[in-house]
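**Q** Quick one, structure for this:
(2 chains)
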Amino acid sequence: MEFIIISLVKAALVAFVLLTLAAYLVWIERKVLAHIQLRVGPYRVGPHGLLQPLSDLIKLLTKEGVMPASVNKFYYLLAPFIAVALALVSISVIPFGNEIEIFGIRTWMQLTDVNIGLLVILAISSVSVYGIALGGWASNNKYALLGGLRSAAQMISYELPMSLAIVSPLLIANTLSLREVAQAQSGFIFGFIPNWFVFQGPVPQILSFLIFLIAGFAETNRVPFDLPEAENELVAGFHTEYSSTCFAAFFTAEYINMVTISALATHLFLGGWNPAFPEPVAGLVPVLLFFGLGLVLLYHATQTVKTRTWDKYSFPVVGLIACGIGSIFLTPFLPLPDALAKIAQAIGPLFWFAAKTGAILFLFIWVRGTLPRFRFDQLMRFTWLFLFPLAIFNLMLTGLAVALWK
Amino acid sequence: MPEIDELLEQDAGESQEPDAGVTRRMTLNMGPQHPSTHGVLRIVLDLEGETIRKAVPEIGYLHTGIEKECEVKTWQQVVPLTDRTDYLANLSNNLGYCLAVEKLLQMEAPPKAQWMRVLLTEVTRINSHLVWLGTSALDVGAMSVFFYCFREREEILRLFEFFSGQRLMTSYFRIGGLALEPPRGWQKWIEKFLKVMPERVDMLENLLNENPIFKKRTQGVGYISLEDMLDLGVTGPMLRGAGLKIDLRKDKPYSSYDKFQFDIPTRTENDVYSRYLVRMAEMRESLKIIRQALDGMPEGSHVADAPKVVLPDREKMKTQMEALIYHFKIVTEGFRVPAGEAYVAIESPRGELAYYVVSDGTSKPYRVFMRTPSFGNLQALPTLFEGYPIADSIASLGSMDFVLGDTDR
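**A** Sure thing, here's the model as predicted:
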């Protein structure tokens, strides 16, 4: 019974955090892209457009859903459901941090630890092709059909190098559970290089990290592999005929998939929740980061800029919030009662995990602002003739090294 | 159009037939509302998988009737209409029309006006190429380039506003000279523009020239043989991208272009990438011309000394009776142009732009025909499309550089 309650609470928490994150990821993406492109991005709804995701959500959920007369209704409605449901399911096996103890209950910051966690994620990502392919087919629109076709071919092809890239770190870790994969990467080489799989011997997995990232871009249909929704060729690709809530479902699924891929990359190659620096520096980094941000914002609040009247109010608030978060990270250094100290221990790993995932998410956005798009046949040639052999080569190399030295 | 009907019928028929084991074709209607057709162009594609087997363009969705409308306007009133055909290179249109009418009137604009026209049409060329670069880079998915190009274009539009009071529809050239005297301090504005622009062109080239994905998308794409292009009436950077050194500014100089030193950039690869490089090089050449025009700008009046054609000075109008009479005549009924016909071709950013003007001796044109580069370039569309995948066709569509307003007029 206790297990069920804890699981339900955790599920609700994860779903809430993830959906909010996905919504704010859109805001961050729009802001970052805008600044890359010399614009300011969302600015009207709330200070610096911070309430934009909320208004977008309300708009998308309350708009009339237009269903063209010629669609296959069952699959047309099923497709976005598949997309968003599978995207949400795959996050459940990803741990966010170490084991924690809250009010006497010991639990992991993870919904469920399946001992074949990685296989579950791979299986789910294979099935999620159906969401897009079915959506494209059921729309009964030629552009959508082409988009669906493209994405089916693309996602199936890129799954191979992706799986092969995943296998190499697993050989070193010798487990399929993500929790144990992350634990295998704790500690430091020579005391300062983090013992992550990108750095760890016998073969540093830099190659497979890159392959994984590239395949991850393709899996999530992001630039330069955003062919299924290539705006300039296929209008909007597979979701051309979708509107309102159904469109929101596809949209959310794409962003949740991005989070999943980034979290997976963090776990497999960047040491999961393990800090990048040895203690006590690791504990101080978030403190400095948040206090720095807070102080910069507080300083800017005193400088009046005429055109940005809202900043007078929003900067101190955000600055104080940042300082508050920073002081939370200070708690492990303070003498605290035992129960509180244990909670304080939990936030460090959470920060490192979030920071690394965030860095990869930022990469996703950065690439979108920088690169053009591949052509379809170039994309397929790239994976089958370059990425796939490279992944096999890397796998064989790792296998050999593991057999000899481990 | 019969060809389009045929394709659409074939599509409807095929969808009812059972699969006979042959590759089935799909007819795809692209446009008139499509993100990449740069306006309202409709193309009906016959697809085999993603490969285009047949492409039938249909124009006319932006038909404005400007050519016909010219016949009910006075000679001077036609100038603002020419702005609205090729709205990205408005000053080139103004120039072509003004030169044609001036030829009929057997007059010539004073040196200052001529040099100013050269200067501003070169700025227009950069403006047009920037928009082209932004949109065609967007077509292959490079999103940010679009915004960088529009930042640069913004400066050009501000420049236009400074000169003429208008950002887009400047109508700055008039028959016999310029509409207004260049505003005080214009040299400083041009100087500032010349200072920032080379760096910006460098930046744009840095973003794309060696970008492997961009090269993959554009090199070897959109080939059409030079003979075909000449047969179809394609002009401008597309020909120069195929190695033909043709440019009316050099071959048949107008408006004192013979007094400027500049090169005609050419490439021989004859693909989308070479057209891109040609246009980038042309922007640099235009900057060279602007620099020369700025340094050697002759003194004098900005309008010809032709009181029957050019509106008199405001001051003179208030003091001299003849000036007032001429003003009244020009404003109420316009000036008369001797009967005859004139054909003047100039090099617009898109290619050869020609105005064929016929006068019957009245104050209104009998006929104004525009030989527009967009229309000529668009003829290459089926050849550029057929046999290529959709993605490539979008890239070569961009490389043609047409403006639908210019095509349909």
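**Q** Around chain A, which positions in chain B sit nearby?
**A** B:26, B:28-29, B:34-36, B:50, B:137-144, B:146-148, B:151, B:211, B:213-214, B:216-217, B:389-392, B:394 (CB under 8 Å from any CB of the partner chain). Where you see a C-beta, it was placed from the backbone N, CA and C, and this is true even at glycine.
**Q** Counting only helices, which of these make the cut?
**A** In this view, the residues of chain B next to chain A that belong to helices under DSSP state H are B:137-139, B:143-144, B:146-148, B:151, B:213-214, B:216-217, B:390-392, B:394.
**Q** Spatially nearest residue to the residue of chain B found nearest chain A (excluding sequence neighbours)?
**A** Closest contact between chain B and chain A, by CB to the nearest CB, is at B:Gly141 (2.8 Å). Closest residue in space to B:Gly141, ignoring its immediate chain neighbours: A:Arg373 at 2.8 Å, by CB to CB, 6 or more residues apart in numbering or on different chains.
**Q** so that neighbour, which of the three states?
**A** coil (DSSP: H, G, I helix; E, B strand; the rest coil).
**Q** Just the pLDDT at residue 246, thanks.
**A** Looking at chain A here, since you left the chain open. We have a pLDDT of 84 for A:Cys246.
**Q** My question was about chain B, not that one.
**A** B:Ile246 is assigned 87 on the pLDDT scale.
**Q** Would you list the phi and psi of it?
**A** When read as degrees, to the nearest 10, the backbone of B:Ile246 gives phi -130, psi 130.
**Q** returning to what we had before: I figured the residue nearest to B:Gly141 hits A:Arg222, correct?
**A** No - at 10.3 Å, A:Arg373 and A:Arg222 do not qualify as touching, with contact defined as CB atoms under 8 Å.
**Q** Which one's more surrounded, the two?
**A** A:Arg373 (26 against 20; other CB atoms under 10 Å in any protein chain shown).
**Q** ok, that one to A:Thr112 distance?
**A** 37 Å (CB to CB, to the nearest Å).
**Q** do A:Ile36 as well
**A** Here the criterion is CB to CB. By it, A:Ile36 lies 38 Å from A:Thr112.
**Q** These two: which has the busier surroundings?
**A** A direct count of neighbours by other CB under 10 Å for A:Ile36 and A:Thr112 places A:Ile36 higher, at 17 against 14.
**Q** show me what contacts that one?
**A** Residues near A:Ile36 by CB atoms under 8 Å, 6 or more residues apart in numbering or on different chains: A:Trp366, A:Gly369, A:Thr370, B:Ser144.
**Q** mind listing the helices for the stretch 151-300 of chain B?
**A** Taking DSSP state H, counting those that start in this stretch, the helices of the stretch 151-300 of chain B run over residues B:186-208, B:212-218, B:226-232, B:237-240, B:248-251, B:272-295.
**Q** Give me the average confidence score over the third one.
**A** Put plainly, it is helix B:226-232. The pLDDT scores in helix B:226-232 average 88.
**Q** about what we covered before: present the helices of the stretch 151-300 of chain B as JSON lines; the columns should include distance to B:Gln77.
**A** Shown next, in JSON lines, are the helices of the stretch 151-300 of chain B (distance: least, CB to CB, whole Å):
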{"stretch": "helix B:186-208", "distance to B:Gln77": "26"}
{"stretch": "helix B:212-218", "distance to B:Gln77": "43"}
{"stretch": "helix B:226-232", "distance to B:Gln77": "34"}
{"stretch": "helix B:237-240", "distance to B:Gln77": "32"}
{"stretch": "helix B:248-251", "distance to B:Gln77": "27"}
{"stretch": "helix B:272-295", "distance to B:Gln77": "28"}
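**Q** Pipe those helices into CSV and attach mean neighbour count and distance to A:Gln303 per row.
**A** As requested, these are exported to CSV (neighbours: other CB atoms under 10 Å in any protein chain shown; distance: least, CB to CB, whole Å):
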stretch, mean neighbour count, distance to A:Gln303
helix B:186-208, 15, 28
helix B:212-218, 20, 41
helix B:226-232, 15, 59
helix B:237-240, 26, 48
helix B:248-251, 17, 52
helix B:272-295, 21, 38
